[in-house]
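Engineer: Turn this into a model:
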Amino acid sequence: MTEVPARAPARVVWLGRRPYEPVHALQKRLVEARGKGAIGDVILLLEHEPVITLGRAADPGNVLLDVEALAARGVARVETGRGGDVTYHGPGQLVAYPILDLRPHRCDVRRYVRALAEAMILIAREHHVEAGVVDGLIGVWADRGAPAEWAGAEWARELCKLGAIGVRLSRWVTMHGFALNLAVDLDAFSLIVPCGIKDHGVTSIHDLTGARPDPRVVALASGPLLGRALDLEVAPTLDLSATVDLDAALLEKCRGEGRDVTPSGS
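Structural biologist: Residues are numbered from 1 along each chain as shown. Predicted coordinates for the structure are as follows:
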């Protein structure tokens, strides 16, 4: 019987705190390289400088201040190609951008989005918060009234959003991903209608528990959880937070890992 070719372990990389637009451009270059098989799967983990992003389906009216007023507060505004509406990224939030080739056996968008939610659920659990998904609402949710419990939205005392998801696929290669609120400034969400949802608030690990998780520490420990949720083998997390030329560093680390390799003895 012919063995299924093995996939090289995904590279998980911590980038530190970065502005949005250069990382968005980096994602596009990595997606192109992944699609050509020039690199293997890679998962970028980082914090962003304060930014409001608008997805393809965004209602501009869900951004409550104009560009000048946002700039005066030190918040950028960027239109992007991901799915979803309007969201905020800022310090204290763990952002994950998986650049994965879902071919040939994982070509299911709903399954992939559910896996991203599972990754956030697993990370939140490490910090004593139980979370889950809600029918009809994208992202991951928790109960502010009982953060250590999750029995479903119908049992929640005060449903609140803990993490957002927005993705884009190009020939089954993924980009964008999720943003999990660790100790982000929740007041910043008052600048928008988060994901167009007016009925429920936004929360964070800090808001729910009083603890203040360090995004770097969480990122460096999250590789096994990401691997479990995304059904991937992952290599030890690389810390490239001090690296200026990310393109060169990532291509060097990931070059040659894009091809499937048949196990010896097959």
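Engineer: right, and residue 183 touches residue 94 too?
Structural biologist: No. With contact defined as C-beta atoms under 8 Å, residue 183 does not reach residue 94; the gap is 9.9 Å. Yep, even glycine has a C-beta here, placed from its N, CA and C like the rest.
Engineer: And the two? Which one has more around it.
Structural biologist: For residue 183 against residue 94, the residue with the higher neighbour count under other C-beta atoms under 10 Å is residue 94, and the figures read 26 against 19.
Engineer: Checking that one next. Helix, strand or coil?
Structural biologist: The three-state label for residue 94, taken from DSSP: H, G, I helix; E, B strand; the rest coil, comes out as strand.
Engineer: Residue 175 too?
Structural biologist: With three-state DSSP as the basis, residue 175 sits in strand.
Engineer: any idea how far it is from residue 214?
Structural biologist: Separation of residue 175 from residue 214 (C-beta to C-beta, to the nearest Å) stands at 26 Å.
Engineer: Looking at these two, which one has more neighbours?
Structural biologist: Between residue 175 and residue 214, counting by other C-beta under 10 Å, residue 175 is the more crowded of the two (23 against 12).
Engineer: who touches the more buried one in this structure?
Structural biologist: With contact taken as C-beta atoms under 8 Å, 6 or more residues apart in numbering, residue 175 is in contact with 27, 28, 30, 31, 82, 97, 99, 167, 168, 169.
Engineer: Show me those that map onto helices.
Structural biologist: Under the assignment DSSP state H, the contacts of residue 175 contribute 27, 28, 30, 31 to helices.
Engineer: Now which of those residues would you call buried?
Structural biologist: In terms of neighbour count (16 or more other C-beta atoms under 10 Å), the buried residues within these are 27, 30, 31.
Engineer: quick check, nearest of these to residue 235?
Structural biologist: When these are compared for distance to residue 235, the smallest value, 15.8 Å, is given by residue 30; criterion: C-beta to C-beta.
Engineer: who does the nearest residue to that closest one once chain neighbours are set aside bridge with?
Structural biologist: Counting by C-beta to C-beta, 6 or more residues apart in numbering, residue 30 lies nearest to residue 99, which is 4.6 Å off, once chain neighbours are set aside. Counting by DSSP bridges, residue 99 is bridged to residue 42.
Engineer: I figured residue 99 hits residue 34, correct?
Structural biologist: Yes. With contacts counted by C-beta under 8 Å, residue 99 reaches residue 34, the gap being 5.3 Å.
Engineer: Show me which helix runs longest in this structure.
Structural biologist: helix 109-126.
Engineer: Residues contacting that one from elsewhere in the structure, which ones?
Structural biologist: Contacts of helix 109-126 with the rest of the structure, by C-beta under 8 Å, 6+ apart, involve 94, 96, 98, 102, 106, 130-133, 138-140, 142, 162-163, 165, 167, 169, 174, 177-178, 180, 205, 218, 221-222, 225-226, 228-231.
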